[in-house]
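> The following comprises the amino acid sequence and a computationally predicted model.
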Amino acid sequence: MGKYQELEEIEVYQLAVALADRIWEIVSSWSYFARDTVGKQMVRAVDSIAANIAESYGRYHYGDKLNFLYYSRGSLYETKHWVGCSHGRGLMNDTIFDDLMNRMRILAPKLNAYISSKRQQRTRSK
């Protein structure tokens, strides 16, 4: 059995929170129209990544844990979509776009590994 970790100590959660904070910082400087359309969608999607990891953490049954982690992964890919739209519409420059995409490239395999570890824990607990 692995060492118990608080939610805030889990790396994938930390990365998701940092990504959400960075996107919030970026979107908050946009015009009202951009914030109200693309910005709100992107912030909701990115906030859902960490929120669903947190919800998974609080669930008892592994099936529930995995479902929320799958939602988290879906929100990550939705965030990628909105970042691409924002860049394509001139709402963020290449430097910001590259930074966000790099953060998501780092987060995605770590989230997949976290999901795999929960699947393995479920198998061992049967």
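Good, I have the coordinates. Numbers count the residues shown, from 1 in each chain.

> Now do the helices in the protein.
11-27, 32-34, 40-57, 62-88, 94-125 (DSSP state H).

> The longest one to helix 62-88, inter-axis angle?
Comparing the axes of helix 94-125 and helix 62-88 via axes from the mean of the first three to the mean of the last three Cα atoms, to 10 degrees yields an angle of 170 degrees.

> measure L15 to S29 for me?
For L15, the distance to S29 (Cβ to Cβ, to the nearest Å) stands at 23 Å. C-beta coordinates here come from the backbone N, C-alpha and C atoms, glycine included.

> Same question for E6.
33 Å.

> Which residue of these two possesses the greater neighbour count?
Higher neighbour count among E6 and S29: S29, with 11 against 8, using other Cβ atoms under 10 Å.

> Can you tell me how far the more buried one is from Y62?
In terms of Cβ to Cβ, S29 sits 41 Å off from Y62.

> Same check on L100?
Taking Cβ to Cβ, one finds L100 at 31 Å from Y62.

> Show me which of the two is the more surrounded one.
More crowded of L100 and Y62, by other Cβ under 10 Å: L100, with 24 against 18.

> Spit out the contact partners of the residue nearest to M92 when sequence neighbours are not counted.
The spatially closest residue to M92, leaving aside those adjacent along the chain, is S86, at 5.2 Å (Cβ to Cβ, 6 or more residues apart in numbering). S86 makes contacts with 34, 38-39, 42, 92, 97, as judged by Cβ atoms under 8 Å, 6 or more residues apart in numbering.

> Go again with 10 Å.
23, 26-27, 30, 34, 38-39, 41-42, 92, 96-97, 100 (Cβ atoms under 10 Å, 6 or more residues apart in numbering).

> Show me the one in these that has more neighbours than the rest.
Among the contacts of S86, M42 has more neighbours than the rest - 26 neighbours, counting by other Cβ under 10 Å.
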